[in-house]
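# A structural model of the following input is requested.
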Amino acid sequence: MSLLHTALMGHAGLGSALAAAAPSLAHVLKSLGPSKLVRGTWSGQTRSHTAVAAAREDPATKVTKHLKDFAKLPWEIDMPAEKAAAVLGSYLGVSNLEPAAVLDLGVDQITGILEETTNKGNTTLEKALFSHADAVTNRFFGPSVYYRGIVEFSNVCQNDCGYCGIRKHMHGVKRYTIPIPEVVEVAKWAFENKMGTLMLQSGELPTPQRLEYLKQLVQQVLEATVAMDLENRGLDPQAPIPDYLKDQELGLRVALSVGELSESDYQQLYDAGARRYLLRLETSNPELYAALHPDAMSWQRRVDCLNSLKKAGYMVGTGVMVGLPGQTLRDLAGDIRFFKDLNANMIGMGPYITEAGTPVADMWDAMFGHVDKKAHMKAMFELTTRMNSLARIVVGSANISATTALQAIEPNGREIALRRGCNVLMPILTPTKYREHYQLYEGKPCITDTAEECRKCLNARVSMIGKKLQQGAWGDPPNFLAPVTGLDVRQIKLASTAAAAAAGQAARAYHTNSSCSYTTSPAPAQQAA
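Got it, this is the predicted structure:
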């Protein structure tokens, strides 16, 4: 049993949060053997895809193979919750900080934590950050992890975002839009395999034809999966839904990520049955946003859309990239504060990974081309997990996803993130024949996997870290109905560097080259082509 689990189980109010300790390395390697594939296929996953999948290595075996090289599990937390609260409280100047307390931090305080842990090597504060975030996660969600199955139904996009692999003028991209019946078959598979939520994602195309497609798609996904649910309960799907079931979770919860639309469009999609909407901001700094996007795209327009989504009644998600050219630690601190002020219900953060042939990749090469890229990306992985931890500590009970991009850098990236504040996994359900055409960045994992392999792989990952999948549950974010204010410590002056050192600062550099260190200087106001 880890020190964190021991601490939480002994703390009043948190004892029921963790029913079982995270398994040891030996237990992980022994217990995660081959298991049966989940039944169910759809058009688009052909027999040839299935045959190739059968010939490949078992996903659970692939996940655990490299762990034999570790002396300890890479996601283990070395600091109990009580000590983490004491270290964090000492740094912030807060006496008797409770374990698992949500903290309302200001930009200066967040910047200070990022500076200490990113550039000054304060590993004690970093361990406290990770441990406290894990304790906050367990306070609101226990060991539960929720699935959000993603279907990338179209890569057609009108925008020219400077970092994106499916931008309008990206060369060599084969454009597609999956027919509605094919997406509905994926949805049926997702319901049968207890995904709970289906995320329908695409490039941005605000046309009347796309709006009509989306309305029909949302309605048909709901009709099909609610009918399956009623049949599973022994009820006639053609009959009216009984009153006692009207407030129950029936079928799949439908989420959308299709970009900027008008208030009227958002309302029509809500009326069709969509209840969640992810609209990534990418950065809370308007100047940095302008440097990454063409003139036709507006940061304020993006923010206005987020507010329109709130007004329509959606559970609203957003997110940012970590490690963008010109980005500073203060920018990232502003991102956390933006999530708090918005009361974001879903948060997704991933490291910026270059995509060759894009303007922002060229910007990255100009700034960081002289450094060891592997070491730099490892540093950005660690920085992203610090950001996830800060989002959990500051926002409280939002759903925070362990993004696929983390796994592109670190093989166990998503497991580590689930122990540093995340509680959501997003398996890719896009039929295999389309996946290679939805590459947003280099090295995107899982593009050749079937949905069955993806699900099996993620099941193995969750089992390894002592978490529990809440299969079939919608997992609505608690802060949608009950936002968490947290302990307001914004007016408290940060402890001095000497005091922080006295609390236990240890010298450790994440960056192998000093030029990789993050700055606190303003971002350049250059314009991406």
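# Count the neighbours of the closest residue to residue 311 other than its chain neighbours for me.
Spatial nearest neighbour of residue 311, excluding adjacent residues (Cβ to Cβ, 6 or more residues apart in numbering): residue 263 at 7.2 Å. All C-beta atoms are positioned from the backbone trio N, CA, C, and that covers glycine. Using other Cβ atoms under 10 Å, the number of residues around residue 263 comes to 14.
# Enumerate every residue touching residue 263.
The contact partners of residue 263, taken as Cβ atoms under 8 Å, 6 or more residues apart in numbering, are 308, 311-312.
# Confirm residue 151 sits in a helix?
No. Using DSSP: H, G, I helix; E, B strand; the rest coil, the assignment for residue 151 is strand, not a helix.
# That one and residue 493: what is the separation?
Distance, residue 151 to residue 493, using Cβ to Cβ, to the nearest Å: 49 Å.
# With neighbour numbers in mind, choose between these two.
Using other Cβ under 10 Å, the more surrounded residue of residue 151 and residue 493 is residue 151, with 24 against 9.
# Sitting in helices, which of the contacts of residue 263 do you find?
308, 311-312 (DSSP state H).
# Within the helices and strands, which one has residue 320?
strand 315-322 (DSSP states H and E).
# Quick one: list the elements packing against that strand.
strand 276-278, helix 299-312, helix 329-342, strand 346-351, helix 373-395 (3 or more Cβ pairs under 8 Å, 6 or more residues apart in numbering; DSSP states H and E).
# quick one: buried residues of that strand?
Neighbour counts using 16 or more other Cβ atoms under 10 Å place 315-322 of strand 315-322 among the buried residues.
# Farthest-apart pair in those, please.
315 and 322 (23.4 Å; Cβ to Cβ).
# sorry, back to before: would you check how far apart the residue nearest to residue 311 and residue 313 are?
For residue 263, the distance to residue 313 equals 12 Å [Cβ to Cβ].
# Ok, residue 489 next?
32 Å.
# pLDDT on stretch 421-435, on average?
Mean per-residue pLDDT for stretch 421-435: 93.
# What are the buried residues along that stretch?
Buried, per 16+ other Cβ under 10 Å, within stretch 421-435: 421-432, 434-435.
# can you tell me which of the helices and strands packed on strand 315-322 comes nearest to residue 137?
helix 373-395 (5.8 Å).
# Which strands or helices does the next helix or strand after the closest one pack on?
Proceeding N to C from helix 373-395, the next assigned helix or strand is strand 399-402, under DSSP H and E. Other helices and strands packing on strand 399-402, by 3+ Cβ pairs under 8 Å, 6+ apart, are strand 346-351, helix 373-395, helix 413-418, strand 424-425.
# Just put those in JSON lines and tack on distance to residue 75.
Formatted as JSON lines, the helices and strands packed on strand 399-402 follow (distance: least, Cβ to Cβ, whole Å):
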{"stretch": "strand 346-351", "distance to residue 75": "17"}
{"stretch": "helix 373-395", "distance to residue 75": "10"}
{"stretch": "helix 413-418", "distance to residue 75": "4"}
{"stretch": "strand 424-425", "distance to residue 75": "14"}
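# Among the ones you listed, which comes closest to residue 103?
helix 373-395 (5.4 Å).
# now the closest one against strand 346-351, angle please.
160 degrees (axes from the mean of the first three to the mean of the last three Cα atoms, to 10 degrees).
# In this protein, which helix is the longest?
Per DSSP H, the chain has its longest helix at helix 208-232.
# Run a quick neighbour tally on residue 176.
Neighbours around residue 176, by other Cβ under 10 Å: 15.
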